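Colleague: Let me see the structure of the following:
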Amino acid sequence: MSTLLANLLLQSGHPTGLYTSPHVLTYNERIRINDKYATDKEICEVFAQVDFARGGTSLTYFEFGTLAATELFRRHAVRFAVLEVGLGGRLDAVNVFEPTVSVITSIDIDHQEWLGSDRESIALEKAGIMRPGVPCLLGESDPPRSIADKAAKLEVPLLQLGREIQYSWNSFTESWSLYSPTSEYRDLPMPSIQGRAQLDNAALSIVAAETVLGDAVPRSVITSALQETRLLGRQQVVCDEIETVFDVAHNPSAARELVSSLCKSPKRTKLVVLIGMYADKDIGGFASELARFVESWHVMPISGNRAASPHEIGDILCAVVPVSRITVHTDPDNAIESARKDAAKRACTLLVTGSFETVGAVLASKIYLSTSSRSD
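Modeller: Below you'll find the model as predicted:
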């Protein structure tokens, strides 16, 4: 939702910076100023500035990048900065800044080693972005109690999706309507990014923009932002000889959302999956959500210390799907080529998923680098 919110603010006439993570193809994706990626030159300059200023102070990769992004926003004199929290909330580097509005989109079981093993613990970590008296938008219809308790303690105006923020959609007209505490928007176009969660994100983005601007958002701005906002690797479709869907989903809840969206198109209910995942993710749970639509699985290696080996993923898949449907590859190029041939043979859509690293590696391959500009 961060990208949509930034677009709403920008198209309302305000210079806007956007900081997100992780990236899919290049680091530049993480820092946008007025909807343009920061250049290599700009990033290198602020990295050097941060490196000089820190002296002997140790900084993490994310802390370094956060300081660099906000310095670039200062240089470009942005009116608003949309800062996406990297992990959790309470201890995240982004949380050093005082917000005009805070947004907690969802509370899923993920990053348990850092945030806790249950939704109550994770919710409390995410509630760490709240500030006394500062409005907080919540995208959970049934949030853990710890969120409300924290909001009450800090006297935070809490606007919850499904309560203070509501929307409805019309499947016949392919439109939706949003009702906020201060405004009503009827018959809006659907977001360009597919999926039920994108309506949740759109509703939160519009109300967040209202809160920041102190007024209703012009309908023309909402329409333009909804239709134009796109993201690499979020149900991104690339068509050449076969249809390939790229999605960075990496936990069971994201897989459920992905399946729900894909099922809207009958031709996408038969899949060949090309997958690579991190070892600290619920690989079995993720695969189980997709399994009933998958004709075959191709496992590819990905880089990084946290990556699960293809054989580890294959072993976990064996407990979820028939072993005859699983092919384990040790070479990424071979995995891509084999998965594409299999999808063509079976007349299936190829789904590339499991992590940002997987999607980025395949998009950057020779096969897709030249065709991704024609994605729909």
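
Colleague: The stretch 201-350 of the chain: strands as residue ranges?
Modeller: 236-239, 243-246, 271-275, 294-299, 326-328, 349-353 (DSSP state E, counting those that start in this stretch).

Colleague: Could you do the stretch 51-200 of the chain as well?
Modeller: Under DSSP E, counting those that start in this stretch, the stretch 51-200 of the chain gives strands at 80-83, 102-104, 136-138, 158-160, 166-170, 175-179, 184-189.

Colleague: Direction included, what does the second one pair against?
Modeller: According to DSSP bridges, strand 102-104 forms sheet pairs with strand 136-138 (parallel).

Colleague: Deepest-packed of the strands of the stretch 201-350 of the chain, please.
Modeller: Mean neighbour count (mean count of other CB atoms under 10 Å) peaks for strand 271-275 among the strands of the stretch 201-350 of the chain, with a mean of 28. Every residue, glycine included, has its C-beta placed from N, CA and C.

Colleague: who's in contact with residue 369?
Modeller: residue 363 (CB atoms under 8 Å, 6 or more residues apart in numbering).

Colleague: for residue 259, same thing?
Modeller: 289, 290, 293.

Colleague: okay if I get the strands of the stretch 201-350 of the chain as a markdown table plus mean pLDDT and distance to residue 261?
Modeller: Listed next are the strands of the stretch 201-350 of the chain as a markdown table, based on pLDDT from 0 to 100; distance: least, CB to CB, whole Å:
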| stretch | mean pLDDT | distance to residue 261 |
| --- | --- | --- |
| strand 236-239 | 92 | 11 |
| strand 243-246 | 96 | 9 |
| strand 271-275 | 97 | 13 |
| strand 294-299 | 97 | 15 |
| strand 326-328 | 98 | 24 |
| strand 349-353 | 97 | 11 |
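
Colleague: Same list, the ones you listed, but as a markdown table with distance to residue 131 please.
Modeller: Formatted as a markdown table, the strands of the stretch 201-350 of the chain follow (distance: least, CB to CB, whole Å):
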| stretch | distance to residue 131 |
| --- | --- |
| strand 236-239 | 35 |
| strand 243-246 | 36 |
| strand 271-275 | 40 |
| strand 294-299 | 44 |
| strand 326-328 | 48 |
| strand 349-353 | 36 |
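
Colleague: Pick out the least confidently modelled helix or strand of the protein, by mean pLDDT.
Modeller: helix 112-115 (a mean of 54; mean pLDDT, DSSP states H and E).

Colleague: buried ones in stretch 42-58?
Modeller: 42, 43, 45, 46, 47, 50 (16 or more other CB atoms under 10 Å).

Colleague: mind putting those in CSV, distance to residue 334, secondary structure and pLDDT included?
Modeller: Shown next, in CSV, are those (distance: CB to CB, whole Å; DSSP: H, G, I helix; E, B strand; the rest coil; pLDDT from 0 to 100):
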residue, distance to residue 334, secondary structure, pLDDT
42, 38, helix, 98
43, 34, helix, 98
45, 40, helix, 98
46, 39, helix, 98
47, 36, helix, 97
50, 40, helix, 97
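
Colleague: Could you dump those residues into JSON lines with distance to residue 118 added?
Modeller: Converted to JSON lines, those look like this (distance: CB to CB, whole Å):
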{"residue": "42", "distance to residue 118": "42"}
{"residue": "43", "distance to residue 118": "38"}
{"residue": "45", "distance to residue 118": "44"}
{"residue": "46", "distance to residue 118": "39"}
{"residue": "47", "distance to residue 118": "38"}
{"residue": "50", "distance to residue 118": "36"}
